[in-house]
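Trainee: predicted model, plus sequence, below.
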Amino acid sequence: MYVAVKGGETAIDNAHRLLADRRRGNRDVAELGLDHIMEQLSQAVDRVMSEGALYDRELAALAIKQARGDMIEAIFLARAYRTTLPRFGYTNPVDTAAMQVERRISACFKDLPGGQLLGPTFDYTHRLLDPGLAEGATPETPETRAPEQARMMRVSDFLGQEGLLEPAPDGSAKPVPDDIARTPMTYPLDRDARLQALARGDEGFLLSMAYSTQRGYARSHPFAGEIRIGEVELELEVPELDFAAPLGRIQVTECQMVNQFQGSAKAPPQFTRGYGLVFGQAERKAMAMSLVDRSLRATELGEDLVAPAQDEEFVIAHADNVQATGFVEHLKLPHYVDFQSELDLVRRLRAEAAAGTGEAREAAE
Amino acid sequence: MNTEARAFDWAEAPAIATYNFAYLDEQSKRMIRRAILKGIAVPGYQVPFASREMPMPYGWGTGGVQVTASIIGPDDTLKVIDQGADDTTNAISIRKFFQRTTGVRTTTATTEASIIQTRHRIPETPLTAGQVLVYQVPIPEPLRFLEPRETETRTMHALEEYGVMHVKLYEDIARHGHIATTYAYPVMVQGRYVTDPSPTPKFDNPKMDQCPALQLFGAGREMRIYAIPPWTEVTSLDFEDHPFAVQAFDRPCALCGADDVFLDEVIMDDQGGRMFVCSDTDHCNGRQQAGHAGEQET
């Protein structure tokens, strides 16, 4: 006796109860506070803010807690909240030369005005697990310097003075940028839209794409012109005010990649730019982004298109991890109807093949 | 399709995060309604729209949910089906989402619904004027698997360059003796645009033709909306000597005895025992209540 399947609603409710239980884990262990996540898992918070495209440390921490540490799930939570927020306007372009720099390095010059500042980096740490940390050691108070008021000139500005590096687009041709969250993306994209898509693209995907350019799939001869991390001021032009209203400060990571370029029919030999800008401290992502930005400029610079990293539609359409995870995971939804249709067809084709006299043979003849 | 802005009382939500009626903000709904109107004006044409992230994953009906969220009003009655059934997990999840964010009345009866959101089926009960059928669409581009580039396929549509699709169908016939497409079977809408009916079985294609209800298609991840207005001509692509035909089942539904419906195959045991029952659960229940019975019930 067959009875049609029922009870899906109860099953879903029970599954969610179990999930909440597993998320909390052993009740004898203290519950994670959002402050713990914000303070002690700050780079996880940064990643959720940048790929979730929502600069809010508290909400990002909540998302991480709710997602049990599943980063793409947390990014998805942040995105799904962000999308409901009204758009007030667009801030003025951020002046990263005025950044309150905490880290700033250049691989192009040994020394430069403003100096090299290592900042809080994993670089040069020996990756030895630290048993002291497992027991909860109190770290030493760090060395700090007084905040500097002076602007710290960017390496790209030094190179630009000599004309060796292509000038940065000044943006005057397009005072209001594209907004990929508010208008549908249509290919080919302008660079501003492309950079937005890369800024919230999946770190792992961009990392692999960037890596592929280093291994010969659209090699771009890159040098890390400059990487800087620090806080920048956001300002919004409000029609009623005769000055730009300061909104506050955000932490960003900027990477300017400088790429050797032999010249083409469209551009003379010079150094070209790849650009990366990401919320928070996210150096790996900013570097990967700048390499991919550069490789995606192939058409603009008249380079041969030979590799996936140069293919805008391929890269941008597949960089968003919220989209990718949804569509890959949707395969676990029921497909009974389609499968039934295919079953029917395959059975028919097999029967005809077995009989050896199917329509197929007639049609082929 | 009454719509009005109404702040939803999200009782259990602390102030850290609040949401509008039907989740989307009114500006987003307006943007989506513009895309819908354009789609209705150009039947079968895929209108790009600025798809929003929804609180369910891409690929799980976000396009359909955005369309429904944009047209639903407090007086609507909503039905949600997946694979023809109201009680499949994702249909339940989407129905609960709208119950929670709008508080509208929901139903499983096709005849009572003003909006029906569906995945992979068109109800067996004929739709009527005034109803809206909202399809969830994974890949809206019927040419996608013949040409992966969006820049190319948009040009092909603009030029009505559909030869590649006919070649594909012809090659099926040459190789298999049949057109080997059983679901998402391409249709021509009002003699102009080749359109993807979403992954419904081709069994459902004839229901799209001259349908009194408005048919709206939402593809969230791919950021496209398209529409088939009421009483529009929808023909399935075919050849004169290989006319389009729907699947036929060689037995009726084991529960209600219907022989003109799409059936699900259910595995009964590990000895190859199988049974065929209606995929449309509302239609099947209605027939059983009206006294019809299949072989299992007699």
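Mentor: Right, received. Where do you want to start? Residues are numbered from 1 along each chain as shown, chains lettered A, B, ... in the order given.
Trainee: what does the average pLDDT come to for stretch B:22-33?
Mentor: Looking at stretch B:22-33 alone, the average pLDDT works out to 93.
Trainee: can it be found next to chain A?
Mentor: Yes: contact of stretch B:22-33 with chain A (C-beta under 8 Å from any C-beta of the partner chain) involves B:Tyr23, B:Leu24, B:Asp25, B:Gln27, B:Ser28, B:Met31. In short, each C-beta sits where N, CA and C put it, glycine included.
Trainee: give me the number of residues near the fourth one?
Mentor: By that I understand B:Gln27. 12 (other C-beta atoms under 10 Å in any protein chain shown).
Trainee: ditto for the fifth one
Mentor: B:Ser28 has 23 neighbours, counted by other C-beta under 10 Å.
Trainee: the last one now?
Mentor: One way to gauge burial is a neighbour count; for B:Met31, by other C-beta under 10 Å, it gives 21.
Trainee: ok, for it, nearest residue in space, not its chain neighbours?
Mentor: B:Ala50 (6.1 Å; C-beta to C-beta, 6 or more residues apart in numbering or on different chains).
Trainee: again, but for the second one
Mentor: Beyond its immediate neighbours in the sequence, the residue positioned closest to B:Leu24 (C-beta to C-beta, 6+ apart) is B:Ala69, lying 4.9 Å away.
Trainee: with just CA atoms, put the lengthiest helix in chain B into CSV.
Mentor: Ranked by number of residues, the top helix in chain B under DSSP state H is helix B:26-41. Below are the C-alpha coordinates for helix B:26-41, written out as CSV (Å, rounded to 0.1, in the frame of the first residue of the first chain):
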residue,chain,number,x,y,z
GLU,B,26,9.9,48.7,-2.2
GLN,B,27,12.5,50.1,-4.6
SER,B,28,13.7,46.6,-5.5
LYS,B,29,10.1,45.5,-6.1
ARG,B,30,9.5,48.4,-8.4
MET,B,31,12.6,47.6,-10.3
ILE,B,32,11.4,44.0,-10.7
ARG,B,33,7.9,45.0,-11.7
ARG,B,34,9.4,47.2,-14.4
ALA,B,35,11.3,44.2,-15.7
ILE,B,36,8.1,42.1,-15.6
LEU,B,37,6.1,44.7,-17.5
LYS,B,38,8.8,44.8,-20.2
GLY,B,39,8.7,41.1,-20.3
ILE,B,40,5.0,41.1,-20.8
ALA,B,41,5.3,43.7,-23.6
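Trainee: so the residue nearest to B:Leu24 lies in a helix, does it not?
Mentor: Yes: counting by DSSP: H, G, I helix; E, B strand; the rest coil, B:Ala69 is found in a helix.
Trainee: which one of the residues of stretch B:22-33 next to chain A is nearest B:Met223?
Mentor: Of all these, B:Met31 has the smallest distance to B:Met223: 11.6 Å, by C-beta to C-beta.
Trainee: the closest one contacts B:Phe49, correct?
Mentor: Yes: using C-beta atoms under 8 Å, B:Met31 is in contact with B:Phe49, at 6.7 Å.
Trainee: identify the bridge partners of A:Asn259.
Mentor: Counting by DSSP bridges, A:Asn259 is bridged to A:Pro222, A:Thr272.
Trainee: need the contact list for it.
Mentor: Neighbouring residues of A:Asn259 by C-beta atoms under 8 Å, 6 or more residues apart in numbering or on different chains: A:Ser220, A:His221, A:Pro222, A:Phe223, A:Phe271, A:Thr272, A:Arg273, A:Gly274, A:Arg294.
Trainee: quick check: the residue of the stretch 51-200 of chain A nearest chain B.
Mentor: A:Pro184 (3.6 Å; C-beta to the nearest C-beta).
Trainee: what is the burial count for the nearest residue to that residue once chain neighbours are set aside?
Mentor: Among residues not flanking A:Pro184 along the chain, B:Pro48 sits closest, at 3.6 Å (C-beta to C-beta, 6+ apart). Residues near B:Pro48, counting by other C-beta under 10 Å, number 17.
Trainee: pull out the buried residues from the helix of greatest length in chain A.
Mentor: Longest helix in chain A by number of residues (criterion: DSSP H): helix A:336-355. Neighbour counts over helix A:336-355 (16 or more other C-beta atoms under 10 Å in any protein chain shown) mark A:Tyr336, A:Val337, A:Asp338, A:Gln340, A:Ser341, A:Glu342, A:Asp344, A:Leu345, A:Arg348, A:Leu349, A:Glu352 as buried.
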